[in-house]
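**Q** return a 3D structure for these sequence lines:
(2 chains)
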Amino acid sequence: MREVAVVGVGMHAFGAWKGVPVARLVREAGRKALADAGLSFRDVGEAYVGHMQHPPMKAVLWMKEFGLTGIPITHVEDASATGSVAFREAVRAVAGGFCDVAMAIGVEKFTELTGAQVQRGQRDIEGTILPVAFFAMWAQRRMHDRGTRPEHLARVAAKSWNHGALNPMSHRRPDHTVTPEEVLASKAIADPLTAMMCCPVSDGAACAIVAAREVAERLQPDRPLVTVRASVLRSETYTKGHTFLGAVVGPAQMTADTARAAYEQAGIGPEDLSLVQVHDAFAIEELEYYELLGICRPGEAEGLVESGATALGGRIPFSTDGGLLARGHPGGPTGLAQIWETVHQLRGTAGARQVPNARFGLCHLVGGGSVCCIHVLAREDAHPA
Amino acid sequence: MSDGVPYEDGYFVVPDDPSEPPRLLGTRCRACGEPFYPRRATCARCLSDDVEDVLLGPRGTLYTWTFLHVPGFGEHRTAQQGHAAGQIDLDEGPRVQSVLLGGPTDFRIGMRMEMVLEPVGEDKEGRAILMYRFRPAA
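**A** You can find the predicted model right below:
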């Protein structure tokens, strides 16, 4: 297996882009990533396109925006983890020696989905319960087991909204400092989750270009080298309490299992991380992932958020770009937006969001069904070129 | 109740005698003993194909719940502005997710629950289409 580096990232800002053609979102994210890499589309050996809800064939048709070069193009879908899984496929194509440069691109327009499209393939017997209800049930159970209070969830959400304000790619960019009180006072959605503890409905696109390490070193001798130290995808292992009908994701153990495998592959532990991106579609999730990713011990997540450790300026900032809660969660591109943010942090180009001297970044998404995908990216200090 | 039809075949039994409780259609693995809902042909735990049909419910314990203040979705949109949803650990083992009958203050984790059938529409012959729900046990 060859070492793989991320040589280019690009995004079309997340938001509600009514009337903007999907192909234009794809083009903007992809062209920005190619420009960032200093490459032409002719250099790309293979492309993986992630989307969740658009019709068949669309992935290949959108890619014509870049020119028709005959390369293999594959549509990838793993629900919320779609963008992460597209990235993983590009990494594997390069690591396996099938090509030297690969593109992973994700796109989605959720704001134009009709109810009928959302329900496609869903039956009442399993589809009556919304994702927000599923994760609200996580929160109720944790409140019962750990004494978590809605204030803890509000602190997680306020932190991420305020991170979003610093990110030009973020869907939600509040013009004032969001407080936990404001989050708690927003509309009740599913007890104890309020509207500001839930991700918005977003559109957007994001792209990453990966290359063999030696190609990256030749291409970008003056730039900090960002490598992919771990790329792990898991599905569920059967455990008691597994709910086959209606559940969005399986038992939380899946994240812990995936994280363990990712740390082993990367040769680091959670204490080595500089920053973390997670599937924080709902505030309770980020609280759970503090523990499941090994950032703190079980039962310590509430204290961790109270201490401010997971905000920018804290010990281990989470969702530095606003996370799914603020930056947005259009589905297809979400995992690639995490890569975009982590690469900028590791290069030292994250502007007002910069985590000082960031060395290792972890990106985590779960996808309904369910799967968990984790990547660990590293800034390689010893740059041989 | 006896002239009602299930919302979808293969998931639960509508009893002929309305005084009898509804049951869920489950599977038990003969090789390792693990019970499942809904029915399946291969054990998810030990991968054996040696499985048997069993009836599950109607009673269990509330593992978690929430109250939604937004309309539900699905073919039969929940008419009222808000409904409860929960996960119930059936006495036989499997955890099931279901709409709950009750208001925002009617539930607490660990309480005993029972399954009932609720009409969600009518078929072409005018028979009630029934779906299972859970509510606090009487």
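
**Q** all strands for the chain, in order.
**A** In the absence of a named chain, chain A is used. With strands called from DSSP state E, chain A shows them at A:4-15, A:46-50, A:73-76, A:101-109, A:188-190, A:193-194, A:203-212, A:225-235, A:275-277, A:360-367, A:371-380.

**Q** that's the other chain; I wanted chain B
**A** Taking DSSP E as the criterion, chain B carries its strands at B:5-6, B:12-13, B:23-29, B:35-36, B:51-56, B:59-68, B:83-90, B:95-100, B:112-122, B:128-136.

**Q** what does chain B put close to chain A?
**A** B:7-8, B:11, B:36-38, B:40, B:44-45, B:63-70, B:72-76, B:78, B:85-87, B:89, B:93, B:95-99, B:104, B:109, B:120, B:131 (Cβ under 8 Å from any Cβ of the partner chain). All C-beta atoms are positioned from the backbone trio N, CA, C, and that covers glycine.

**Q** low-confidence stretches in the chain?
**A** No chain in the question, so chain A it is. A:114-128, A:382-385 (pLDDT under 70).

**Q** that's the wrong chain, I wanted chain B
**A** For chain B, residues meeting the criterion pLDDT under 70 lie at B:1-2, B:71-81.

**Q** dump the residue contacts of the closest residue to A:Gly299 other than its chain neighbours.
**A** In space, and not counting its chain neighbours, A:Gly299 is closest to A:Arg146: 5.9 Å by Cβ to Cβ, 6 or more residues apart in numbering or on different chains. Residues near A:Arg146 by Cβ atoms under 8 Å, 6 or more residues apart in numbering or on different chains: A:299, A:301-302.

**Q** now, of those residues, which are buried?
**A** Listed as buried from the contacts of A:Arg146 are A:301-302; burial here means 16 or more other Cβ atoms under 10 Å in any protein chain shown.

**Q** now the contacts of A:Arg146 in CSV, with distance to A:Val226?
**A** Below are the contacts of A:Arg146 laid out as CSV (distance: Cβ to Cβ, whole Å):
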residue, distance to A:Val226
A:Gly299, 34
A:Ala301, 29
A:Glu302, 33
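
**Q** which ones are touching residue 59?
**A** You didn't say which chain, so I picked chain A. Taking Cβ under 8 Å, 6+ apart, we find A:Ala59 in contact with A:49, A:51, A:73-75.

**Q** not quite, go with chain B.
**A** Residues counted as contacts of B:Arg59 (Cβ under 8 Å, 6+ apart) are B:90-91, B:112-115, B:137.

**Q** can you do 10 Å?
**A** By Cβ atoms under 10 Å, 6 or more residues apart in numbering or on different chains, B:Arg59 lies in contact with B:21, B:88, B:90-92, B:112-115, B:134, B:137.

**Q** what's the answer for A:Gly328, then?
**A** A:13-16, A:108, A:110, A:164, A:169-172, A:199-204, A:321-322, A:334, A:337.

**Q** filter those to the buried ones?
**A** Burial by neighbour count, 16+ other Cβ under 10 Å: within the contacts of A:Gly328 this picks out A:13-16, A:108, A:110, A:164, A:169-172, A:199-200, A:202-204, A:321-322, A:334, A:337.

**Q** which of those fall in helices?
**A** Among those, the subset assigned to helices under DSSP state H consists of A:164, A:334, A:337.

**Q** thought A:Ala13 was touching A:Arg173?
**A** Yes: between A:Ala13 and A:Arg173 there is a contact at 9.5 Å, judged by Cβ atoms under 10 Å.

**Q** list residues touching both of these two?
**A** In contact with both A:Ala13 and A:Arg173: A:167, A:327, using Cβ under 10 Å, 6+ apart.

**Q** show me where the stretch 251-385 of chain A has helices.
**A** In the stretch 251-385 of chain A, the helices defined using DSSP state H, counting those that start in this stretch lie at A:253-266, A:283-292, A:301-307, A:323-326, A:334-347.

**Q** out of these, which one sits most buried?
**A** helix A:323-326 (a mean of 32; mean count of other Cβ atoms under 10 Å in any protein chain shown).

**Q** please report how far the residue most central in space within chain A lies from chain B.
**A** Geometric centre of chain A, nearest residue: A:Gly335, 3.2 Å, by Cα atoms, centre = their mean. Distance, A:Gly335 to chain B, by Cβ to the nearest Cβ, to the nearest Å: 25 Å.

**Q** swap in A:Arg218?
**A** To chain B, A:Arg218 is 48 Å away according to Cβ to the nearest Cβ.

**Q** verify the stated contact: that residue with A:Ala211.
**A** Yes: if you go by Cβ under 10 Å, A:Arg218 and A:Ala211 touch, sitting 9.3 Å apart.

**Q** who has more neighbours out of these two?
**A** A:Ala211 (28 against 11; other Cβ atoms under 10 Å in any protein chain shown).

**Q** next up, the contacts around that one.
**A** A:2, A:4-8, A:37, A:39, A:43-45, A:90, A:94, A:99-102, A:217-220.

**Q** ok, 8 Å please
**A** Counting by Cβ under 8 Å, 6+ apart, A:Ala211 has contacts A:4-5, A:7, A:37, A:94, A:100-102, A:219.

**Q** is it in a bridge, and if so with what?
**A** Note on A:Ala211: beta-bridge partners by DSSP bridges are A:Ala5, A:Val101.

**Q** quickly note the distance from it to A:Ala247.
**A** Separation of A:Ala211 from A:Ala247 (Cβ to Cβ, to the nearest Å) stands at 39 Å.

**Q** just how off-centre is stretch A:102-115 within its chain?
**A** From the chain centre to the centre of stretch A:102-115 is a distance of 14 Å (Cα atoms, centre = their mean, to the nearest Å).

**Q** repeat for stretch B:128-138
**A** Worked out by Cα atoms, centre = their mean, stretch B:128-138 lies 7 Å from the chain centre.

**Q** swap in stretch B:6-14?
**A** Relative to the chain's own centre, stretch B:6-14 is displaced by 10 Å; criterion: Cα atoms, centre = their mean.

**Q** for stretch A:360-373, same thing?
**A** For stretch A:360-373 - counting by Cα atoms, centre = their mean - the centre lies 7 Å from the chain centre.

**Q** wait, A:Leu225 sits on A:Ala212?
**A** No: look at A:Leu225 against A:Ala212 with Cβ atoms under 8 Å: they stay out of range, at 11.9 Å.

**Q** which neighbours do those two share?
**A** If you check A:Leu225 and A:Ala212 against Cβ under 8 Å, 6+ apart, the residues they both contact are A:Ala5.

**Q** more crowded one of those two?
**A** Set A:Leu225 next to A:Ala212 and count neighbours by other Cβ under 10 Å: A:Leu225 wins out with 23 against 20.

**Q** can you tell me which residues contact the more buried one?
**A** A:5, A:213, A:216-217, A:379-380, A:383 are the contacts of A:Leu225 under Cβ under 8 Å, 6+ apart.

**Q** repeat that for A:Pro180.
**A** Counting by Cβ under 8 Å, 6+ apart, A:Pro180 touches A:151, A:154-155, A:157-158.

**Q** what's the neighbour count on B:Glu52?
**A** Neighbours of B:Glu52 (other Cβ under 10 Å): 9.

**Q** residues touching it, list them.
**A** Contacts of B:Glu52 (Cβ under 8 Å, 6+ apart): B:27-28, B:30.

**Q** what about 10 Å?
**A** By Cβ under 10 Å, 6+ apart, the neighbours of B:Glu52 are B:26-30.
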